[in-house]
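**Student:** Return a 3D structure for these sequence lines:
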Amino acid sequence: MRIDRSHYSWFVVTLLMAVGAGAAYVYAAITSHRPPAGDTWVGMVLGIIAYLFILFAGSLGARRKVLLLRIGSMSCWMKGHLWLGLLALPLVLLHGAFSFGGTLTTVIMVLLIIIVVSGVSGAILQHVMPKSMSAEFPNEFTYDQIDRLLTLMRVEAYTLVAGQCGAIAEADMEREEAVRHTGKALEKIEKTTEQPLPGRDELKHFYVNEVRPYLRQPQSSKMSLALTLRAEFMFEKLRLDVDPALHDVVQALARMCHEIRESVQQGRRHRLLHAWLVIHVPLSMALLVLMTVHAVVALYY
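**Tutor:** Numbering: from 1, shown residues only. Coordinates of the predicted model:
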């Protein structure tokens with residue numbers, strides 16, 4: 001979710017509510033000559049409002065999955081999740097008169113601070129990273145497309161090389177993928193010319209020992225083609241070793257490996273972009289449970 005002008009009204013409302021809560025707290029502190037903690041009406045109201053905001057923020061996941069909660073646009077819920085969840089922190093601090101209290105309330109405060117910090121960090125990442133990724137990776141792929149892209153690249157690489165070198169026994173898996181995805185036999189593609197072009201063996205050797213393993217395990221840092229400069233050097237050397245008629249094939253293989261390197265980098269960025277959820281989501285669920293326990297205990301006693 002990008003933070004743009006559509007968030008302006010949410011920002012203004014959040015700021016006004018924070019100022020209003022602060023003014024009510026100061027007024028109660030002046031009139032009662034002591035900080036209004038959770039056992040005062042001001043502290044109780046602030047605590048209830050904070051709890052409702054956290055409950056709303058925590059219901060975002062249910063809003064996505066449960067049909068009965070599909071009230072309002074998803075964009076509105078996302079903005080409310082961000083701004084009301086952020087506002088809950090100062091309200092809880094005011095509710096406790098800036099004191100963490102006992103063990104339960106201390107745990108709640110620590111969880112809330114971690115959740116807010118992780119949420120703000122995630123919002124910043126989601127605002128900044130997609131734009132930088134679009135600028136850095138012209139051939140942008142969605143995360144779900146990467147596996148399919150790899151399969152198509154393996155098929156294309158095999159058919160290109162087999163079209164010049166004939167059937168490649170070392171690449172039976174790629175041949176099966178090519179048959180499965182093209183829906184036809186490959187005998188015509190794999191039929192070599194009567195007079196093989198110079199450098200055909202070098203092309204086949206390079207495909208079997210470098211391109212094929214890389215397209216099988218592009219995440220591995222041990223692959224020579226995973227490094228941009230080294231890959232460029234290797235393809236340039238291959239281009240010099242083969243007949244000019246094979247240069248288009250070499251160029252196509254270089255392009256495919258480059259796109260795969262980009263997709264791997266995008267996948268890593270994507271995982272980083274969502275890594276904060278590993279902390280944010282489970283701690284949010286724990287916070288809701290503990291705050292409910294705190295509210296029940298406070299009202300009972």
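**Student:** Check the burial of Arg269 by counting its neighbours.
**Tutor:** 18 (other Cβ atoms under 10 Å). Where C-beta positions appear, they are placed from N, C-alpha and C, glycine not excepted.
**Student:** which element is it on?
**Tutor:** helix 247-274 (DSSP states H and E).
**Student:** In that helix, which residues are buried?
**Tutor:** Neighbour counts over helix 247-274 (16 or more other Cβ atoms under 10 Å) mark 249-250, 253-254, 256-264, 266-267, 269-270, 273 as buried.
**Student:** so where is the stretch 51-200 of the chain shaky, pLDDT-wise?
**Tutor:** By pLDDT under 70, the weakly predicted segments of the stretch 51-200 of the chain are 61-72, 130-145, 183-195.
**Student:** can you give me the helices in it?
**Tutor:** 60-65, 74-95, 103-136, 146-165, 172-182, 200-206 (DSSP state H, counting those that start in this stretch).
**Student:** Wait, Ala252 touches Leu160, no?
**Tutor:** Yes: Ala252 is within contact range of Leu160, at 5.7 Å (criterion: Cβ atoms under 8 Å).
**Student:** Which one of the helices of the stretch 51-200 of the chain lies nearest to Tyr214?
**Tutor:** helix 146-165 (9.6 Å; Cβ to Cβ).
**Student:** now what about that closest one, what contacts it?
**Tutor:** 141, 168, 171, 174-175, 177-178, 181-182, 186, 189-190, 192, 197, 200-201, 203-204, 207, 211-212, 215-216, 218, 246, 249, 252-253, 256, 259-260, 263-264, 266-267 (Cβ atoms under 8 Å, 6 or more residues apart in numbering).
**Student:** nearest spatial neighbour of Thr182, skipping sequence neighbours?
**Tutor:** For Thr182, ignoring the flanking residues on the chain, the nearest one in space by Cβ to Cβ, 6 or more residues apart in numbering is Val155 at 7.2 Å.
**Student:** measure the one you found to Leu149 for me?
**Tutor:** 11 Å (Cβ to Cβ, to the nearest Å).
**Student:** Ok, Ser9 next?
**Tutor:** Plainly put, Ser9 is 40 Å away from Leu149 if you go by Cβ to Cβ.
**Student:** Repeat that for Asp4.
**Tutor:** 30 Å.
**Student:** quick one, which of those two is more surrounded?
**Tutor:** Legend: neighbour count by other Cβ under 10 Å for Asp4 and Leu149, higher for Leu149 (18 against 8).
**Student:** got the angle between the helix or strand containing Ala29 and helix 74-95?
**Tutor:** Applying DSSP H and E as the criterion places Ala29 in helix 8-32. Angle of helix 8-32 versus helix 74-95, following axes from the mean of the first three to the mean of the last three Cα atoms, to 10 degrees, is 20 degrees.
**Student:** Which neighbouring elements make contact with helix 8-32?
**Tutor:** Applying 3 or more Cβ pairs under 8 Å, 6 or more residues apart in numbering; DSSP states H and E, one finds that helix 8-32 contacts helix 41-58, helix 74-95.
**Student:** Quick check, Gly199 in contact with Pro244.
**Tutor:** No: Gly199 is beyond contact range of Pro244, at 9.3 Å (criterion: Cβ under 8 Å).
**Student:** Between those two, which is the more surrounded one?
**Tutor:** Remark: of Gly199 and Pro244, Gly199 carries more neighbours, 21 against 10, as counted by other Cβ under 10 Å.
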